[in-house]
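[1] Need a 3D model of the sequence below.
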Amino acid sequence: MKYPALNLPPCELRTRKNPKGWLDVWDTQRRRYVKLTPEEWVRQHFVHLLTGHLGYPSAVVGTEIQIAVGETAKRCDAVVFSSEGKPLVILEFKAPQVVLNQKVFDQIVRYDTALQVPYLVVSNGRRHYCCHLLAEEHRFEFLPAIPRWEEIQP
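    Below is the predicted model of the structure:
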């Protein structure tokens, strides 16, 4: 399967053919091979943007983070934590062909009810949206770009 070009910096991905015939990619965050799906293609490139271009330490970026939303266990595609371990950013990734609509934003807002972070990011690899939640004012603002690590520190 050929993966599409993304609106993200290119990165070198270590892949291998799985015995079942699909492609696996080495996930540096989870330190293991995972199935290379279109959504994983976006996640790997976006994590590379964070750690390779925006100054986020690799150690503060967690992928596939399980959370409790009400009575249900959910998984955030990625969460950025402060140096003290406090969640700062929830990231939701979709495959490049998926339209980033209200349903996608509703999903990440539900995750935020559990984590209460100041930033939400949604990306399909081609379009990226970042919201800064202003809790005291009960509103959010869309940012023109994904903030650098030093800009989100509490």
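[2] Nearest to the spatial middle of this structure, which residue is it?
    Of all residues in the chain, the one closest to the mean position by C-alpha atoms, centre = their mean is residue 91, 3.3 Å from it.
[3] after the helix or strand containing it, next one along is what?
    Assigned by DSSP states H and E, residue 91 belongs to strand 87-93. Remark: after strand 87-93, the chain's next helix or strand is helix 102-115, criterion DSSP H and E.
[4] CA atoms of that following helix as PDB?
    The C-alpha trace of helix 102-115 is given here as PDB (Å, rounded to 0.1, in the frame of the first residue of the first chain):
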ATOM      1  CA  GLN A 102     -17.800  18.000  14.200                       C
ATOM      2  CA  LYS A 103     -17.900  14.300  15.100                       C
ATOM      3  CA  VAL A 104     -14.100  14.200  15.400                       C
ATOM      4  CA  PHE A 105     -14.100  17.400  17.500                       C
ATOM      5  CA  ASP A 106     -16.800  15.900  19.700                       C
ATOM      6  CA  GLN A 107     -14.700  12.800  20.300                       C
ATOM      7  CA  ILE A 108     -11.600  14.700  21.500                       C
ATOM      8  CA  VAL A 109     -13.800  17.000  23.700                       C
ATOM      9  CA  ARG A 110     -15.200  13.800  25.400                       C
ATOM     10  CA  TYR A 111     -11.600  12.800  26.100                       C
ATOM     11  CA  ASP A 112     -10.900  16.200  27.600                       C
ATOM     12  CA  THR A 113     -13.700  15.700  30.100                       C
ATOM     13  CA  ALA A 114     -11.400  13.000  31.700                       C
ATOM     14  CA  LEU A 115      -8.000  14.800  31.300                       C
END
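[5] how about it: buried residues?
    104, 107, 108, 109, 111, 112, 115 (16 or more other C-beta atoms under 10 Å). Any C-beta I mention is one placed from the backbone N, CA and C, and that applies to glycine too.
[6] Distance of the nearest residue to the first one once chain neighbours are set aside relative to residue 78?
    With C-beta to C-beta, 6 or more residues apart in numbering as the criterion, residue 104 has its nearest non-adjacent residue at 5.6 Å, and that residue is residue 122. Summarising the geometry, the distance separating residue 122 from residue 78, computed by C-beta to C-beta, to the nearest Å, is 11 Å.
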